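Novice: Below are the sequence and a predicted model; questions follow.
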Amino acid sequence: MKIGLSAIGFGTLAAPALIRTVVTGAERLNFATVWAPEHVVLLDRYTSRYPYSTGSSGEFLAPTDIAINDPFPTLTFAAACTSRIRLATGICLVPEHNPLVLAKTVATVDFLSGGRVILGAGIGWLAEEFQALGIPFERRAHRTREYVEAMRRLWRDAHSTFSGEFVHFENVRSYPKPIRGKLPVWFGGESGPALRRVAEYGDGWFGLNVSPEEAASKIRRIEQLLRENGRQRSDVELAVSPYLRHITVDDLRRYCDAGADEVELVFLEAPQDEHGIVQQLERLAREFVEPAAKL
């Protein structure tokens, strides 16, 4: 089993010196993946419900003036500091983007990193953010699917053509291409529709705020949906995160038994100095990375 780390480019870890400290330390200590989140804007007043709220309020679990870097420059900076660790968006709000621009951006970061990028994708939850961007919140799941299909066409073909409800282009060229030919798209989300996205056209899943028991149930559902779609379990990678839950090595075993390939630890309360970050990373490596490698 592998261990990943979330999130860089967020809060304290938006600062370049601390991003460098996290990613170089994580790579040295054999963490598998680092994740960078995305929000273009937050709002002080909103009626949308944050799906991972710990209470009944439905509020986002951070102040609305918190620094949230754009994930792609953040991951490019991380790529320049490292050579092996995977670099993932967690989660890119795909329907908020122009798909041709997003395809170029993701492929460029992948090219510069030597083929280490995972596009962690989601449909978004904050309707007011979509409104601020002038993008319809309705049918965003349909928009996401079409955008991913269009981006895959751009990543694959020498001359790309696509015609859909939201995207249309003919005989265009988009370079560079992803290093590995196929750039992995992992979907976030724990709902029934989110799991169907993984099984129907995803390369992986990032399940947030799930216990080992919840992970087992959702992974069984993904495996069933994969079979129904004529796909194999080996077609996808499955990552889960306890989010704010405290976990032990025994929990790692239970996640592994549930079928998870990777567990993402959330680095929300990071120290504000480089020495403290290194110490915390080394503790996490002793407690989780090293035991996980033996599972």
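Specialist: In hand now; what should we look at?

Novice: What residue in the chain is the furthest from its centre?
Specialist: The C-alpha centroid of the chain is most remote from Asn171, which lies 30.4 Å away (Cα atoms, centre = their mean).

Novice: Helix, strand, or coil at it?
Specialist: Following DSSP: H, G, I helix; E, B strand; the rest coil, we place Asn171 in the strand state.

Novice: And for it, nearest residue in space, chain neighbours not counted?
Specialist: Nearest residue to Asn171, sequence neighbours excluded (Cβ to Cβ, 6 or more residues apart in numbering): His159, at 5.1 Å. Every C-beta, even on glycine, is put in place using the N, C-alpha and C of the backbone.

Novice: dump the residue contacts of the residue farthest from the centre of the chain.
Specialist: His159, Ser160, Thr161 (Cβ atoms under 8 Å, 6 or more residues apart in numbering).

Novice: Might one say that the first one is in contact with Ser174?
Specialist: The reference is to His159. No: counting by Cβ atoms under 8 Å, His159 stays clear of Ser174, with 9.6 Å between them.

Novice: the more surrounded of those two?
Specialist: Taking neighbours as other Cβ atoms under 10 Å, His159 and Ser174 compare with Ser174 leading, 19 against 9.

Novice: State whether the more buried one is indeed within a helix.
Specialist: No: applying three-state DSSP, one finds Ser174 to be coil, outside a helix.

Novice: Tell me how far it lies from Ala260.
Specialist: Going from Ser174 to Ala260 by Cβ to Cβ, to the nearest Å gives 34 Å.

Novice: Now for the residue nearest to Gly204 when sequence neighbours are not counted: which residues touch it?
Specialist: Nearest residue to Gly204 in three dimensions, chain neighbours excluded: Trp186, at 3.3 Å (Cβ to Cβ, 6+ apart). Listed by Cβ under 8 Å, 6+ apart, the contact set of Trp186 reads 88, 118-121, 198, 202-206, 237, 239.

Novice: repeat for Asp70
Specialist: Gly9, Glu38.

Novice: Ok, Arg197 next?
Specialist: Neighbours of Arg197 in contact, by Cβ under 8 Å, 6+ apart: Ala141, Thr144, Arg145, Phe187, Gly189.

Novice: Counting neighbours, what do you get for the last one?
Specialist: Summarising burial for Gly189: neighbours were counted as other Cβ under 10 Å, giving 23.

Novice: Neighbours of Leu238, how many?
Specialist: 22.

Novice: and what of Thr54?
Specialist: With other Cβ under 10 Å as criterion, Thr54 counts 11.

Novice: Also Glu214?
Specialist: Each residue near Glu214 was counted by other Cβ under 10 Å, and the total is 14.

Novice: switch to numbering from 27
Specialist: Taking 27 as the first residue, the last one we looked at is Glu240.

Novice: what helix or strand does it sit in?
Specialist: helix 238-254 (DSSP states H and E).

Novice: returning to what we had before: mind listing what the helix or strand the residue nearest to Gly230 falls within pairs with, with the direction of each?
Specialist: Using DSSP H and E, Trp212 sits in strand 211-214. Partners of strand 211-214 in the sheet, by DSSP bridges, are strand 143-148 (parallel), strand 230-234 (parallel).

Novice: CSV for these, including mean pLDDT?
Specialist: Shown next, in CSV, are these (pLDDT from 0 to 100):
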stretch, mean pLDDT
strand 143-148, 98
strand 230-234, 97
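
Novice: what's the most buried one of these?
Specialist: For the strands paired with strand 211-214, the largest average neighbour count (mean count of other Cβ atoms under 10 Å) is found in strand 143-148, namely a mean of 27.
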